[in-house]
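> My questions concern the predicted model and sequence given below.
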Amino acid sequence: MTRHATGLRSRVALAVLVLQPLLGSALAAQPASAIPAKYRDIANRIIAAAQVDSAGAWNRIAELTDRFGHRLSGSAALEQAIDWTVETMKRDGLDNVRKEPVMVPHWVRGEESLELVAPRRQKLPMLGLGGSIGTPAGGITADVMVVASFDELRARAAEAKGKIVLYDAEWRDYGYNGAFRRQGAIEAAKVGAVASLARAAGPYSMRTPHTGSMSYDPAVPKIPHAGVTAEDAMMMRRMIARGQPVRVTLTMGAQTLPDALSHNVMGELRGREKPDEIVVMGGHIDSWDVGQGAMDDAGGVVIAWEAIRLLKKLGLTPRRTIRAVGWTNEENGMRGGNAYRDTHQQEPHQLAIESDGGVFSPLGFGFTGKPEARAVIEAIGSLLTPIGAGKIGPSGGGADIGPIMATGVPGMGLNVDDSRYFWFHHTDADTPDKLNPAEVQRCVAAMAVMAYIAADLEQSLR
C-alpha cells in the first residue's frame, strides 16, 4: 500500500467517524410517513397469502388442543404439547427451535362437587378456583349468605360467621367481576365464613362455571373457594329473598404439590443483517384444566408460529430475528414470562407482541412505547386497514411480555373483537369450534405484517 493510499484511507476513516452520529440521526429520523409506501406491496402479499390458506392456523389450533386437551401447569398434557410443538416447528423449518426450562406451580383440582341441600336437593355445576385449598373429606355443609359486593359483605359481617359466602355480582367487566374470584376467599375469611363461592365472571352463560386464579393472605385463614354459574347464583339469591334458607355441601379435593418442571417453547426466523436483535411475539401454551384452551391461548401461540411459517413460505427475511414463543404458566404463576426476561434480557429486543385475548376478528394493536416509535407503529398499522386491523390503541402489552417490557422494550397486544370472549373464558366451552378459521387467518396476517416490518426497519423502536 502506498503512502498516498494510506493517507487517503485515513482521511476517509476520519470522515466516517465524524459523520457517524449524523448518519445515525438520519436513520433514527426516517419519517414514519415513508413506511407505508416502502412496505405496501410486501404487506399486501402477506395478507393475500394468509387468506389463501383459509384454515391452516385453525387446523393447527384444533390439532394441538384435540391431541392434548387442557394443559394446566405441572400436567403431563402440557409437557406433551410442548414437545409436540418443538417437533412440529422443526418440521415447518423454523430456525433455532428449542424449549427452555421453567419451574412452575403444580395445583391439582381433584374430585369436587357442590350440592344444594335445602330448600331442595340438586347437584350444581361448579369449578374450584386455582390455588384453593380443599375441604375436609366429608365436605363443608353450611348455609349460604349472598352478597353483591365486598362493601355489602363488610356491612353485613355479623351475619357471615360459619356460612358460605356467595358473591353474586352482575357482569360489569373482567377487572371488576374477576376481583371476587381473586380476592373473595380473603374477604370472606376475614368475617368468619367457612368457604366462599364466586359467580362466573362473564356476560353470558349456559350454566358454565368459570375457573381462574385466586389468592390468600397469610394474615387470614385459608378457606375453600369455588366458582358457580350465573344461573345458580341468581337462583340462590331469589330463594333467600323469598325467605327460604339455602344450604349447600361443598366438597373439594384440591391440593398444591411441589413445583414441577415445564418449559417455554420457541422457534425463529433468523434475521439477515441484525440476527441478534429480536422481535418477539406469541402467547401462552398452558391453559386451565377445563375445556381445551383453544381460545385461551393456543390460538395466540399458533398465530405467531404460523406468521413465521408464512414469512418463510414467501421468502421474506427481515433485518432482525423474529421469535415466536409459547410461554408457560401464564394462568397460575407467570413463571414463563419472568423466566424469558431472565434468560433473554441481555438480547436487544426491538419489540414484543402478545396475543392473549382470543383469535377473533383482528381490530389492530395496542402499543406502549415512545411517541416517535408510536408514529412508526401507526404507519405500519395503516397497512392492515384492508383487513380491518389498522387501529393502534393507546396502550398495549400482556402478562407474558410484561417482564421484558419492564426492561424498556416497547410492547404490543393484538386487539380483537372480544364481544364473545368472556362467554367461554376459563370454562369447559373453550374449544376450537368457537373460533372462525377466516378470522384466525386475519390474525396471522396482522401478526406477520407487524412483526416483519418492525423487524425490518432501519431504525430502532426503543
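That came through, no problem. Numbers count the residues shown, from 1 in each chain.

> From residue 319, how far out is residue 461?
Separation of residue 461 from residue 319 (C-beta to C-beta, to the nearest Å): 12 Å. C-beta here means a position set from N, CA and C on the backbone, and glycine is covered the same way.

> Which residue of the two possesses the greater neighbour count?
residue 461 (19 against 16; other C-beta atoms under 10 Å).

> Quick check: that one touching residue 350?
Yes. Residue 461 is within contact range of residue 350, at 5.5 Å (criterion: C-beta atoms under 8 Å).

> List the residues that are in contact with both of these two.
For the pair residue 461 and residue 350, residues contacting each of them under the criterion C-beta atoms under 8 Å, 6 or more residues apart in numbering are 410, 454.

> Just the terminal-to-terminal distance for stretch 268-288.
27 Å (C-alpha to C-alpha, to the nearest Å).

> repeat for stretch 432-440
Separation of the first and last residues of stretch 432-440 by C-alpha to C-alpha is 11 Å.

> can you list contacts of it?
Counting by C-beta under 8 Å, 6+ apart, 51, 54-55, 57-59, 61-62, 65-66, 292, 294-295, 299, 302-303, 358-362, 416, 420, 424 sit against stretch 432-440.

> Where in the chain is the helix or strand with the lowest mean pLDDT?
For the chain, using mean pLDDT, DSSP states H and E, the weakest element among its helices and strands is helix 3-28, scoring a mean of 36.

> Give the next helix or strand downstream of it.
helix 35-52 (DSSP states H and E).

> can you pull the buried residues of that next one?
By neighbour count on 16 or more other C-beta atoms under 10 Å, the buried set for helix 35-52 is 35, 36, 39, 42, 43, 46, 47, 49, 50.

> and the closest residue to the first one other than its chain neighbours, how far is that from residue 194?
Of all residues beyond its chain neighbours, the one nearest residue 35 is residue 379 (4.1 Å), with distances taken as C-beta to C-beta, 6 or more residues apart in numbering. When C-beta to C-beta is applied, the distance between residue 379 and residue 194 equals 58 Å.

> Output the helix or strand harbouring residue 77 as CSV, nothing but the C-alphas.
When elements are defined using DSSP H and E, residue 77 is found to belong to helix 76-91. C-alpha atoms of helix 76-91 as CSV (Å, rounded to 0.1, in the frame of the first residue of the first chain):
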residue,chain,number,x,y,z
ALA,A,76,-48.2,-34.3,31.6
ALA,A,77,-50.5,-32.9,28.9
LEU,A,78,-48.7,-29.5,29.0
GLU,A,79,-45.3,-31.1,28.5
GLN,A,80,-46.5,-33.4,25.8
ALA,A,81,-48.0,-30.4,24.0
ILE,A,82,-44.7,-28.5,24.3
ASP,A,83,-42.7,-31.5,22.9
TRP,A,84,-45.1,-31.8,20.0
THR,A,85,-44.7,-28.1,19.3
VAL,A,86,-40.9,-28.4,19.2
GLU,A,87,-41.2,-31.4,16.8
THR,A,88,-43.7,-29.6,14.5
MET,A,89,-41.9,-26.3,14.5
LYS,A,90,-38.8,-28.2,13.3
ARG,A,91,-40.8,-29.9,10.6
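
> show me where the stretch 301-450 of the chain has strands.
Secondary structure of the stretch 301-450 of the chain (DSSP state E, counting those that start in this stretch): strands located at 320-327, 349-354, 362-368, 391-393, 411-416.

> how far away is the closest residue to residue 313 other than its chain neighbours from residue 321?
Nearest in space to residue 313, with sequence neighbours left out and distances taken as C-beta to C-beta, 6+ apart, is residue 49 at 7.0 Å. When distances are taken as C-beta to C-beta, residue 49 and residue 321 turn out to be 21 Å apart.

> same thing with residue 332?
In this structure, residue 332 and residue 321 are 30 Å apart, going by C-beta to C-beta.

> Residue 383 too?
Taking C-beta to C-beta as the measure, residue 383 and residue 321 are separated by 21 Å.

> do the same with residue 433
In this structure, residue 433 and residue 321 are separated by 35 Å, where distance is defined by C-beta to C-beta.

> How about residue 266?
As defined by C-beta to C-beta, residue 266 lies at a distance of 11 Å from residue 321.

> So for these two, which residue has more residues nearby?
It is residue 266, of residue 266 and residue 321, that has more neighbours when counted by other C-beta under 10 Å, with 26 against 23.

> The more buried one: which element?
Under the criterion DSSP H and E, the helix or strand holding residue 266 is strand 255-269.

> tell me the pLDDT at residue 31?
Confidence per residue is given as pLDDT, and for residue 31 that number is 87.

> From residue 109, how far out is it?
Here residue 31 is placed at a distance of 55 Å from residue 109 (C-beta to C-beta).

> and what of residue 86?
Going from residue 86 to residue 109 by C-beta to C-beta gives 27 Å.

> same deal with residue 432?
Taken as C-beta to C-beta, the spacing of residue 432 relative to residue 109 amounts to 22 Å.

> sec struct for residue 227, please.
State at residue 227, reduced to three classes by DSSP: H, G, I helix; E, B strand; the rest coil: strand.
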